[in-house]
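**Student:** Just need the structure, nothing else, for what follows:
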Amino acid sequence: MRRAVVLGVSGLNQDLVGNWIDKLPVFKKMRKDGAWGRLVSTIPPSSPHAWVSSLSGRNPGAFGVWGERYRSDYSYTLQKKVDSGTIDDRVRPLYRILSRLGQRVGTVNLPWTHPEPEIPGGICIGERAAGGRGEPGTWFREFAGDIKKVIGEHIHDAPLSGDRRSLLDKKSMLRNIKSMDEQRFTLVKYLVEEKLCDAVMAVIDGMEAVSHLYLRDADNNHRFHDPGSKELETLYEYYRFIDDRVGEIRDTLDDDTVLCVYSVSAVLRLDGIINMNEWLIEKGYLCVKEYPMGPAPIEEVDVDWSATKAWAMGGTGQIHVNLKGREKDGVVGPDEYTSLLEQLRKDIEGITVMKGQPLSVEVFRGDALYYGDFAKYGPDMLVHIDEGRWRTDQRVGFGAGKIINTECVEEEITEGCGRFGYLSIAGSDFPAAGEVEPVSLLDIAPTVIDIMNLRAPYNTIDYEMEGYSLLLALRDSAEEKKTAEAADKETREEKIRSRLKALGY
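**Tutor:** As a prediction, the model looks like this:
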């Protein structure tokens, strides 16, 4: 049986890894020793639910979550906050599956592991701790004291707090973020070396925060790039830091352990924001009884639902239809549903920015992306703009007709979010396949199962995974190539025999 270490590095950008690969020796060696490529994320590609999809092999429709809050009925608000119970009740994350298969599992900072899930025979180091510093939340409970001896005061988060970028103390934030990531790498090594876990899963999320802080310094194409900045190399240096720490992890692994490093999305530059509900108001899809004095969340706006056909929730382009017989005050008849979505698509694709320049907009129907018990509560339509370089804002109150917002970008703290992450797997006898075709996020969990040689007792249908093992795909591809080469050889030999026969031999 092989062991597996699965390191999620939030926000890791494949293009930047490629640009700097000759200066990232560990990532470069992993490329040479194994398989790597783009990882296709969910829509929207925002982090928490995408991590859940990757570690369960299920699309968001299976667990009904598209952000930090969700709805479990057809109400007009995202009224419930996600926690570990939400996820455990709806899907089987990889740590549950492996534990049931008798594996000793350790987790570090996986999203939505609060309250800390009980993992029989395993260890969970949660994503939260009271007060930000102190003992981490853990399962089993007594383990918290051991963790404090290993890392000292636990840093559970280093948030990008503040309203304006110009007011941020970036250097102080960078120090805290780096210390936080150092702790998580230390904990991963501890679970591998001291606790002898068969599988260790962790999310290192400092890279995403540092990318938000310093991408504009590294990206020459960013509208607010300053070529004279003293921080041009800061993001590259953080990539070097991550590369070094991944190397330290790899050095601790034996010949029977496979290392998987991946990100579920990439931080991209932010070019602008679409005030989606303002646009829906302007187009007559959304009606309000009283327009707010300033920007307010849609949940706080006095909406005239009896005259509203569609509204947006969340900040990632999620549009819901006010469907008759489904929503409480639905007005769109079931026979009008498809035509309304088609009209919405056409109107959204017609959104233009300055000087009439059209935006590159991808519009998806929810029922084309999601399926499962909770897909019915999800958005009816999703909008992904310019590969994630634009995002949406669901607030109302910016001023009538204020749809396009580019002025705010200079002071925005967070950048854009692209739907292509990065994947690199190497170690043990994992095939040295080099660059592979883009891999689905849903393929991570079944690939780990296969890496650990647990396919025999593992039944994909029982666990309802939707992905396909990359390891199995590489084996299939190698077998197909071998068969094709054998057939080609046989054809060439037959041609030679035919020529010889024609010559009288």
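**Student:** in the stretch 351-500 of the chain, which spans are strands?
**Tutor:** Here the stretch 351-500 of the chain has its strands, by DSSP state E, counting those that start in this stretch, at 361-365, 381-385, 390-393, 404-405, 416-418, 420-426, 434-435, 439-440.
**Student:** isn't residue 412 right up against residue 270?
**Tutor:** Yes. Using Cβ atoms under 8 Å, residue 412 is in contact with residue 270, at 5.8 Å. C-betas here are computed from N, CA, C, even on glycine.
**Student:** hmm, back to that, put together CSV for the strands of the stretch 351-500 of the chain, with mean pLDDT, mean neighbour count and distance to residue 228 on each row.
**Tutor:** Output for these, formatted as CSV (pLDDT from 0 to 100; neighbours: other Cβ atoms under 10 Å; distance: least, Cβ to Cβ, whole Å):
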stretch, mean pLDDT, mean neighbour count, distance to residue 228
strand 361-365, 94, 17, 35
strand 381-385, 95, 24, 31
strand 390-393, 93, 23, 27
strand 404-405, 89, 17, 27
strand 416-418, 94, 24, 24
strand 420-426, 97, 26, 30
strand 434-435, 95, 10, 36
strand 439-440, 96, 20, 40
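**Student:** For residue 319, which of those is the nearest?
**Tutor:** Taking Cβ to Cβ, strand 381-385 is the member of the strands of the stretch 351-500 of the chain nearest to residue 319, at 4.3 Å.
**Student:** which residues sit against that closest one?
**Tutor:** For strand 381-385, contacts defined as Cβ atoms under 8 Å, 6 or more residues apart in numbering pick out 43-45, 274, 276, 310, 316-319, 321, 341, 344-345, 348, 359-366, 369, 391-392, 419.
**Student:** just the buried members of those?
**Tutor:** 43-45, 274, 276, 310, 316-319, 321, 341, 344-345, 348, 359, 361-366, 369, 391-392, 419 (16 or more other Cβ atoms under 10 Å).
**Student:** So which of the residues you listed belong to helices?
**Tutor:** 276, 341, 344-345, 348, 366, 369 (DSSP state H).
**Student:** Just give me the closest of the residues you listed to residue 176.
**Tutor:** So of those, ranked by how close each gets to residue 176 (Cβ to Cβ), first place is residue 276, at 33.2 Å.
**Student:** Report the spatially nearest residue to residue 444, omitting neighbours in sequence.
**Tutor:** residue 54 (4.4 Å; Cβ to Cβ, 6 or more residues apart in numbering).
**Student:** re the thing from before, so residue 412 and residue 270 - more neighbours on which side?
**Tutor:** Of the pair residue 412 and residue 270, residue 270 is the one with more neighbours under other Cβ atoms under 10 Å, namely 26 against 18.
**Student:** just checking, that one touches residue 387?
**Tutor:** No. In this structure, residue 270 is not within contact of residue 387 by Cβ under 8 Å, at 11.8 Å.
**Student:** Low-confidence ranges, the chain, go.
**Tutor:** By pLDDT under 70, the weakly predicted segments of the chain are 1, 128-136, 354-356, 456-463, 476-493, 495-497, 499-505.
**Student:** follow-up on the earlier one: quick check: which of the strands of the stretch 351-500 of the chain is nearest to residue 251?
**Tutor:** Using Cβ to Cβ, these put strand 420-426 closest to residue 251, at 13.0 Å.
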